[in-house]
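Visitor: Turn this into a model:
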Amino acid sequence: MTRPATSSLLANLATHCIDTNVFFNFWKLGPDEPYGKDVFKTQWEIIEKKIETGEIIAPMAVHDEIMKGKEKDDPLKAWAKQHEYMFVELDDDQVAAMGPIVTEYPIYNDLQRGSYADLCVVALGKARGLTVITSERETVAISKKNPRIPNVCSNQGVKRTSVIDLFRQEGRTF
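Guide: Numbers count the residues shown, from 1 in each chain. From the prediction side, this is the model:
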């Protein structure tokens with residue numbers, strides 16, 4: 001295993017930031033999860049390698065969302081603890097990037113109904129010029145009450161991709 005990059009190096013190495021749902025899609029194995037890492041082992045290993053080399057980071061809010069799970073022995077929680085270096089604390093640039101997002105999507109002001117982690121993912125992408133990786137799909141009708149990350153990214157000029165498109169962009173086939 002490659003030695004992971006330290007938090008201080010991540011700002012310079014990162015090209016992507018990742019949404020919580022990608023982790024859930026690989027780790028929360030069940031009939032509704034499209035990329036169970038037990039089946040898509042190679043794909044998960046590629047994502048994990050990009051995390052270890054600092055190419056993929058996530059805001060601390062993603063870490064917090066993972067840790068909210070009720071399962072005591074959740075293997076994703078254990079994994080997140082081992083990979084805490086990938087989670088970036090909120091900084092002034094991200095806070096500044098949040099302003100226009102919250103203005104356009106006021107639901108993010110409501111911490112009970114709006115997803116703080118989603119806001120932080122888009123803000124991190126915007127502040128650092130990163131491409132957001134999400135499993136959410138863009139919708140034709142943009143909802144202010146339930147904004148989808150791809151729509152928010154498009155509205156804010158932030159690049160975004162899906163896991164499958166990330167692999168396509170890299171010319172990977174399995």
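Visitor: Now do the SS call for the closest residue to residue 26 other than its chain neighbours.
Guide: The spatial neighbour of residue 26 that comes closest, neighbours along the chain excluded (C-beta to C-beta, 6 or more residues apart in numbering), is residue 37 at 4.4 Å. (Glycine included, C-beta is placed from N, CA and C.) Three-state call for residue 37 (DSSP: H, G, I helix; E, B strand; the rest coil): coil.
Visitor: Contact partners for residue 37?
Guide: Contacts for residue 37 (C-beta atoms under 8 Å, 6 or more residues apart in numbering) come out as 26-27, 29, 43-44.
Visitor: Is it possible to get TSV of those that adds pLDDT and secondary structure?
Guide: As requested, these are arranged in TSV below (pLDDT from 0 to 100; DSSP: H, G, I helix; E, B strand; the rest coil):
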residue	pLDDT	secondary structure
26	93	helix
27	91	helix
29	72	coil
43	95	helix
44	95	helix
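Visitor: quick revisit: measure the residue nearest to residue 26 to residue 92 for me?
Guide: Noted for residue 37: a distance of 35 Å to residue 92, by C-beta to C-beta, to the nearest Å.
Visitor: Going by neighbour count, which residues in stretch 15-27 are buried?
Guide: Residues of stretch 15-27 classed as buried by neighbour count (16 or more other C-beta atoms under 10 Å): 16-27.
Visitor: Just the ones in strands from these, please.
Guide: Cross-referencing the buried residues of stretch 15-27 against strands under DSSP state E gives 16-18.
Visitor: Quickly name whichever of those is closest to residue 168.
Guide: residue 16 (14.2 Å; C-beta to C-beta).
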